[in-house]
Each structure stands twice: as C-alpha cells, then as structure tokens.
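1. Give me a 3D structure for the following:
(one chain, ligands or ions: 1)
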Amino acid sequence: MQTNKPRDVQVLPIGTDTTVMRSRSWTRLRFEIEYALAKGTTANSYLIQGDKIALIDPPGETFTEIYLQALQQRFNVKDIDYVILGHVNPNRAATIKALLELAPQITFVCSNPGAINLRKALENQDLPILVKRGEETLDLGKGHHLEFIPTPNPRYPDQLCTYDPQTEILYSDKLFGAHICGDQVFDEGWESFNEDRRYYFDCLMAPHARQVETALDKLSDLPVRLYATGHGPLVRYGLLELTHAYREWSQQQTSADTTVALIYASAYGNTATLASAIARGITKAGVNVESINCEFADPEEIRTAVEKSAGFIMGSPTLGGHAPTPVQTALGIVLSTAANNKLAGVFGSFGWSGEAVDLIESKLKDAGYRFGFDTIRVKFKPNEVTLQTCEEAGTDFAQALKRATKVRAPRTQAASNVEQAVGRIVGSLCVVTAKQGDVSSGMLASWVSQASFNPPGLTIAVAKDRAMEPLTHSGNQFVVNILAEGKELRKHFMKSFTPGQDRFAGIETQEASNGCPILSGALSYLECSVETRMEAGDHWLVYASVDNGKVLNQDAVTAVHHRKSGSHY
Ligand SMILES: Cc1cc2nc3c(=O)[nH]c(=O)nc-3n(C[C@H](O)[C@H](O)[C@H](O)COP(=O)(O)O)c2cc1C
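-> Residues are numbered from 1 along each chain as shown. As a prediction, this is how the structure comes out:
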C-alpha cells in the first residue's frame, strides 16, 4: 500500500475512560526487516482517564508535535499523572521530554530494565519511576486498578504488558501486533490480517519463541476482551484465534529439530537489527533460532543454548575499539563450550574501525570453526540491501545445517512410486523477477500455472526458504519471464548466489512498467500483482493477477522442465 498521505494521529474511544491514539505512518518503512511488507504502520498510544490520568506508550519523535496537539484537544496535558512504557525506545525520548516540560509531575511506570533504559535515554538519573516486577499494581481510581506483567525477551528485555480489569483490556506492547496502516482501528474481518500478523510474528517473535510461550502462559489467566497492541489494528474479534496461532507458531519453532544460537549485544540497536534479519533468514528455512542478548543473559543460559545448537552466530558492535564486555564474556563461553564441528557465523555494526567483528572472527577461525556465511560488517545503520544480505546469509546458514544433518541420516531410498508419478507433472521453465526499493531478486520457477481467465491469473509455488520469498506477499509485484528452449538463462539462474549478490549482473534486462526487471532474452513476460497466498507445506502458493505482458520472441518454443521425481525441482 503505497500512499502519499501525511502522517496523522487517529483518536477513538475504545472503552470506559479509555482512548486510543494511533500515530499513523502511511508510507513504506524499511529500516527493519519486519517492515518489509511495506504497508506503513501505526504507533498506538492509550489514554486512561480515571481519577488519575495515565498515558501508555507515547510515540517516537516524528510524531511529537501532532501527537501533543491531538492530546491537548481532548484534555489538559498538564494533568497527566503517569506515563506507562511497555518498552523503552530511545526514539521516544523527544516525545517524553516534551510531555515532561508540560507536566513535570509525571511519574513513569516501567519494568526494571525499562527504568535503566529510560534513565539513559533521558540522561536523567533522578526520574521518578515506579518499577513493576509483576506483583505491584497501580490504582488510577474509577475501577482502573492496573496490573503489570513483565514479558521480557532478548529483543525487548524490558517488555511490560499492562492489564486493566475495569475494561478487560490488555495493553500488549509488541505482542499480537502487525505493521499495517489503515483507517480500521479494530480487527473486524480479522482473517484479512492473517498474512501480516504471521509475518510480524515470524520477524519479531519467532527468534525468541521460547519467551513468547512463557509470556502466553503468564497472560493465560487474565479475562481479556481486547488486545491493545503497540502496532496495527487492535485485536477484538480474532482474539482467541490469534492467541491460539501465537501458541502454535511458537511451538512450531521450539519443536524444530535444528537450532541456531544467535548471540549478540547492541548498544544502539543496529546490531540488533542485523540479528533480526539473520534470524528471519534462518527461521524461514525451518530452523529454530534461540536468540541471546548477552547483556541480559547469564553464562549458564549461553552455555546451554550453545550446547544444544547445531550452529552459533555472534554479533557485536565496536565501541571504543572493542567488543562490549558481555560479548567478550560470551565469546569465552562459546570457545570453551562449542565443539569445533559446529557451524559459526559473525556479524556486527561498526562506525569506522570495527575491531569487535575482526576479533570474534579471528578467535573463531583460530579455534577451527567453519563459517556458514562470510562475516557481515555493516557501517552504522543497515539499509534494505544490507538487510537482504543478512536474511540470505541466515538462510544459507540454515540450509548448510540441514544439509549436514541429511548427510548423517541413512541414505534416502530411491524415489517412491508417488514421487515418480508426481514427477511426471511438467511446468514451463520461468524466471520470476522482482524489485522493491533497492532490493531485487530473481529465481528459476517451474511450478507456474495459469489459474484464472478473468482476471488473467496464475499461481506460483515459492519454497519458504527462497531469497525471493519476501517479495511475494500480497500487494507485491513481480514479473514472470517465460524462458525459451536453450541453456543460457537457465544456467545463469541455476547458479548458487552468495548473500546479497546481484542476480542480474551480466545479463540483459529492461524495466517493466511495475518496476521489476524483464529478462530481454525471455520468450515472453507477464507483469503480475500478488492477490493472495496460501501456506502449502514447505511452499507458499502465490496467486497473482496478470496486469500486462508481451511475447518477446515469436519463433521460439517454451522451455519445459521434465523431472524424474516429484520430491525435488
Ligand atoms: C561511544 C562510542 C564508541 C564507538 N567506538 C567505535 C570504534 O572504536 N570503532 C568503530 O568502528 N565504531 C565505533 N563506534 C560506532 C559504533 O560501532 C556504531 O555506532 C554501531 O552502529 C553501533 O552498533 P549498535 O547499534 O549495535 O550498538 C562507537 C560508537 C559510540 C557511540
């Protein structure tokens, strides 16, 4: 959903004395992997007006001004008693400072790690903060006797959910959200959000599925009528289904046979962003990730995670020419714990010299570990291309682990009758190409079928671990290049590409009207828009309408892909 609408703040009463304020960014965001679906997002903040007034989760600084205006139109901002923070994002500091100028009496409410982050972000050690560890409540009057549930995880060690028994609303912070911007405040027709919610879960929750399960356990006794999420639509209609789905998706992760320990620290969030993209690449290949934020993990936790993992990946920023102390400690534990047949990987963000990444890489090399991808070094904040590289590196890493496990398993038998029979299905050989912003990709595909006449439509089966996968969600566009008989293009796309490698280097392309590359050597091409996709085992079945197309070579014949077995391409 690409739109030029300006940012705004949408306000709606959602319960007794309770109002939501949704700060809306309509345009595409891609500074973190979870925004790849490019549908904008909302930063949801809440106001509870009991005898005391509490504000939950004010938005980041791009909204400070219009958010304060929206508040001031409804009540006297000077009267705010509490600001409750589901997690502390340094980006919120500007809005919090502006609130404090208007209402210096504000008392903050957050978890213990949240208090540390908040004091740092506001550079003020004397802030009045009520720290909530789980037992304490906060009475705002008029029945709003708030309860607090810390739900820490490696990505947000300070996450705190808030429950209001008066309205039966759970302020769920990052849990149960989605990155979608729209006019709809609640989730009526909730099934239409399934794809976005799943993607959000896959990016933000799957890397710490174990902690998500713990959070679900803690929340399960509360009679909740509404999840007041930090992002996207509030969850009312599909609440039970979404809760159930979170449980199921988490279990899918934690029950996977192979696990990678992803061990990192990040002072300003850049290395954490790289970690998320790598984790996304690993989990989409069906391998579990156990994320460890070294700053908040004890040595035993690191040791256990490394022991039960088939591989480990370490990430660090460089600060003052060094890796931060928790990373150095974790490195010591890894070196003394991990057998050197475990696959390793290293990444990190740096500013100018990047000694931390060099140090980790050289220590691991000296200890004899094999690397699942070339070390990733990113200067300051990653962009969408570096995020794509990270995601692809994660997938390569997971695939290498899966191959290693397969080799050890007994040799698979010859193709079964069913596989041989399925293998007789033929498809035309195509290359699917897509470009979104600075990110482009292309892949060979022979599981392409016409699916409808009106509108002209087709389906493509895309394996879940394909690099191309993030570009084939609803609303995305791509080009199907149907190949002519002959080897050249087929050979080019049969190659294995390294993470982030330009897949179009050395071949002639033109730009389609939807911005994606057309292979000039193709027999014909179709410009497509993804309408919907269905989960089909280890593939996504993508249905797309054909918006435009042309035959480029009238004389050639479509390349057909013949196979002996239906268990591989
Ligand atoms: C206090 C401080 C010291 C830093 N020292 C170094 C350094 O010695 N070498 C370097 O390459 N980058 C240095 N940087 C840059 C950081 O590595 C860079 O900002 C990186 O993106 C931080 O990653 P993070 O967001 O994961 O913490 C320094 C940054 C700060 C704030």
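
2. Flag every residue of the stretch 201-350 of the chain that's near the ligand.
-> Proximity of the stretch 201-350 of the chain to the ligand, by C-beta under 6 Å from any ligand atom, involves residues 266-271, 317-321, 349-350. Placement of C-beta: from N, CA and C, glycine included.

3. Sorry, wrong one. I was asking about the stretch 51-200 of the chain.
-> Going by C-beta under 6 Å from any ligand atom, none of the residues of the stretch 51-200 of the chain are near the ligand.

4. from the residues of the stretch 201-350 of the chain next to the ligand, which is closest to Asn417?
-> Distance to Asn417, by C-beta to C-beta, is smallest for Thr271 among those, at 50.5 Å.

5. and that closest one, that's in a strand?
-> No: applying DSSP: H, G, I helix; E, B strand; the rest coil, one finds Thr271 to be helix, outside a strand.

6. of the residues of the stretch 201-350 of the chain next to the ligand, buried ones?
-> Ser266, Gly269, Asn270, Thr271, Pro317, Thr318, Leu319, Ser349, Phe350 (16 or more other C-beta atoms under 10 Å).

7. Of all pairs in those, which one is the farthest apart?
-> For these, and using C-beta to C-beta, no pair is farther apart than Gly269 and Thr318, which are 14.8 Å apart.

8. quick revisit: in helices, which of the residues of the stretch 201-350 of the chain next to the ligand fall?
-> With DSSP state H as the criterion, helices contain Asn270, Thr271 from among these.

9. Throw the residues of the stretch 201-350 of the chain next to the ligand into CSV and include pLDDT and distance to Ile302, thanks.
-> Output for those, formatted as CSV (pLDDT from 0 to 100; distance: C-beta to C-beta, whole Å):
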residue, pLDDT, distance to Ile302
Ser266, 95, 16
Ala267, 92, 19
Tyr268, 90, 22
Gly269, 91, 21
Asn270, 95, 22
Thr271, 97, 16
Pro317, 98, 18
Thr318, 98, 21
Leu319, 97, 20
Gly320, 96, 23
Gly321, 96, 24
Ser349, 98, 21
Phe350, 98, 23
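
10. how about the residues of the stretch 201-350 of the chain next to the ligand, which pair is most distant?
-> Most distant of those, by C-beta to C-beta, are Gly269 and Gly321, 20.5 Å apart.

11. State the distance from Asn194 to the ligand.
-> As judged by C-beta to the nearest ligand atom, to the nearest Å, Asn194 and the ligand stand 32 Å apart.

12. what separates the residue in the stretch 451-569 of the chain that the ligand sits nearest to from Ala467, distance-wise?
-> Nearest to the ligand in the stretch 451-569 of the chain, going by C-beta to the nearest ligand atom, is Gly500, at a distance of 18.5 Å. Using C-beta to C-beta, to the nearest Å, Gly500 is found at 9 Å from Ala467.

13. Give the residue from the two that has the larger number of neighbours.
-> Ala467 (22 against 19; other C-beta atoms under 10 Å).

14. wait, that one sits on Thr395?
-> Yes: between Ala467 and Thr395 there is a contact under C-beta atoms under 8 Å: 6.7 Å.

15. ok, residues contacting the one helix or strand Asn44 maps to?
-> Using DSSP states H and E, Asn44 maps to strand 41-49. For strand 41-49, the surrounding residues in contact (C-beta atoms under 8 Å, 6 or more residues apart in numbering) are 10, 14, 17-25, 29, 35, 53-60, 63, 67, 71, 74-75, 140, 144, 146, 164, 171, 179-181, 228-232, 234.

16. mind redoing it with 6 Å?
-> For strand 41-49, contacts defined as C-beta atoms under 6 Å, 6 or more residues apart in numbering pick out 17-25, 54-59, 140, 144, 179, 181, 228, 230-231.

17. mind listing the helices for the stretch 301-450 of the chain?
-> Remark: helices assigned in the stretch 301-450 of the chain by DSSP state H, counting those that start in this stretch are 325-337, 355-366, 384-408, 417-422.

18. mind listing what's buried in the first one?
-> Residues Pro326, Val327, Gln328, Ala330, Leu331, Ile333, Val334, Thr337 are the ones in helix 325-337 that count as buried (16+ other C-beta under 10 Å).

19. Would you mind checking the average pLDDT for that helix?
-> For helix 325-337, the mean pLDDT works out to 97.

20. Please compute how far it lies from its chain's middle.
-> 27 Å (C-alpha atoms, centre = their mean, to the nearest Å).

21. okay, the angle between that helix and helix 355-366?
-> 0 degrees (axes from the mean of the first three to the mean of the last three C-alpha atoms, to 10 degrees).

22. now for helix 325-337, which elements pack on it?
-> helix 299-307 (3 or more C-beta pairs under 6 Å, 6 or more residues apart in numbering; DSSP states H and E).

23. what does the helix it packs on contact?
-> In this structure, residues lying in contact with helix 299-307 by C-beta under 6 Å, 6+ apart are Ala261, Glu290, Ile292, Phe312, Ala330, Ile333, Val334, Thr337, Ala338.

24. which regions of the stretch 301-450 of the chain lie under the pLDDT threshold?
-> Applying pLDDT under 70 to the stretch 301-450 of the chain flags the ranges 407-414.

25. repeat for the chain
-> 1-3, 407-414.

26. what's the residue nearest the centre of it in contact with, if anything?
-> For the chain, the residue nearest the mean C-alpha position is Cys203 (2.2 Å; C-alpha atoms, centre = their mean). Counting by C-beta under 6 Å, 6+ apart, Cys203 touches Ile33, Glu34, Arg280.

27. Show residues contacting stretch 532-542.
-> Against stretch 532-542 from outside (C-beta under 6 Å, 6+ apart): Thr459, Ile460, Ala461, Val462, Ala463, Lys464, Thr472, Ser474, Val530, Tyr543.

28. meant to ask about stretch 53-73, not that
-> Contacts of stretch 53-73 (C-beta under 6 Å, 6+ apart): 9, 11, 21, 23, 43, 45-48, 77, 79-84, 86, 91-92, 94-95, 98, 140, 171.

29. Need the distance between the two termini of it.
-> End-to-end distance for stretch 53-73, by C-alpha to C-alpha, to the nearest Å: 15 Å.

30. Tell me the buried residues in that stretch?
-> Going by 16+ other C-beta under 10 Å, stretch 53-73 has these buried residues: 53-61, 63-64, 66-68, 70-71.

31. Surely Val131 is in contact with Gly114?
-> No: contact criterion C-beta atoms under 6 Å: Val131 and Gly114 do not qualify, at 8.0 Å.

32. neighbour-wise, which of these two wins?
-> Gly114 (26 against 16).
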